[in-house]
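Participant: My questions are about this predicted structure, shown below with the sequence.
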Amino acid sequence: MPSLTSPPDIVDTLYSSHHGWLHNWLWRKLGCSDGAADLAHDTFLRLLKARPPEPLREPRAYLSTIANGLLVNHWRRLAVERAYLEALAVQEHDVAPSPETHALAIEALMQVDQMLGRLPLKARTAFLLSQVEGLTYAAIAEQLEVSERMVKKYMAQAMLQCLLISDADN
């Protein structure tokens, strides 16, 4: 193996040595060669940004860990998109959103999903009960078996995460 002096050299060597293996590994997971190629590409892009430690003792384990995280995000995005399409299907209007609107909606839903994933379980539940089910803080407190003050704290946590999403977009 050649001497690795900089992160691009490391990635270049890893790419030439392990890209085929990674593509096949992802292909088995996805069942789609094109999707596997996209995720393999994204894995190496992430690797370029991460500046891996020199030398990598287990390069395939390192690559598969990065690729697995991307795979989980891919499946989560598909699940969010499927739920969005199901929600659209039950709407009474016959107008479908434009591809741009569809993409923006999926991106916004992914941000909300990530935000919810950062919240503790009770804060996430309180937020969803408030925003989706329309329950009052008193009803949420009763359901979660906590005080209304705790519900307010949970909602403040959720709203802070919403503001962080908003700030990231600006």
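Facilitator: Structure's in. What do you need?
Participant: helices and strands around the host helix or strand of residue 162, which ones?
Facilitator: Residue 162 is located in helix 148-169, with elements delineated by DSSP states H and E. With contacts defined as 3 or more Cβ pairs under 8 Å, 6 or more residues apart in numbering; DSSP states H and E, helix 148-169 has these neighbours: helix 99-118, helix 121-131, helix 137-144. For every residue, glycine as well, the C-beta is placed using N, CA and C.
Participant: Need the contact partners of that helix.
Facilitator: Taking contacts as Cβ atoms under 8 Å, 6 or more residues apart in numbering, the residues outside helix 148-169 that touch it are 111-112, 115-116, 118-120, 122-127, 130, 137-138, 140-141, 144.
Participant: related to what we said a few turns ago, if you compare the helices and strands packed on helix 148-169, which one is most tucked away?
Facilitator: A comparison of those by mean neighbour count, using mean count of other Cβ atoms under 10 Å, puts helix 121-131 on top with a mean of 18.
Participant: what is the rounded mean pLDDT of it?
Facilitator: Across helix 121-131, pLDDT averages out at 93.
Participant: helices or strands next to that helix in the packing?
Facilitator: Using 3+ Cβ pairs under 8 Å, 6+ apart, helix 121-131 sits against helix 99-118, helix 137-144, helix 148-169.
Participant: So which residues make contact with stretch 102-119?
Facilitator: So stretch 102-119 is contacted by 76-77, 80-81, 83-84, 97, 124, 127-128, 157-158, 161-162, 164-165 (Cβ under 8 Å, 6+ apart).
Participant: Buried ones only from the residues you listed, please, as a ChimeraX command.
Facilitator: The buried subset of the contacts of stretch 102-119, as determined by 16 or more other Cβ atoms under 10 Å, is captured in ChimeraX by this line:
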select :80,81,84,124,127,157,158,161
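Participant: Residue 30: what's it in contact with?
Facilitator: Taking Cβ under 8 Å, 6+ apart, one finds 36, 39, 71, 74 in contact with residue 30.
Participant: Now do the buried residues in the one helix or strand the third one maps to.
Facilitator: For residue 71, the element it lies in under DSSP H and E is helix 59-89. Counting neighbours by 16+ other Cβ under 10 Å, one finds that the buried residues in helix 59-89 are 59, 62, 63, 64, 66, 67, 70, 71, 74, 80, 81, 84.
Participant: swap in stretch 23-32?
Facilitator: Within stretch 23-32, the residues scored as buried using 16+ other Cβ under 10 Å are 23, 25, 26, 27, 29, 30.
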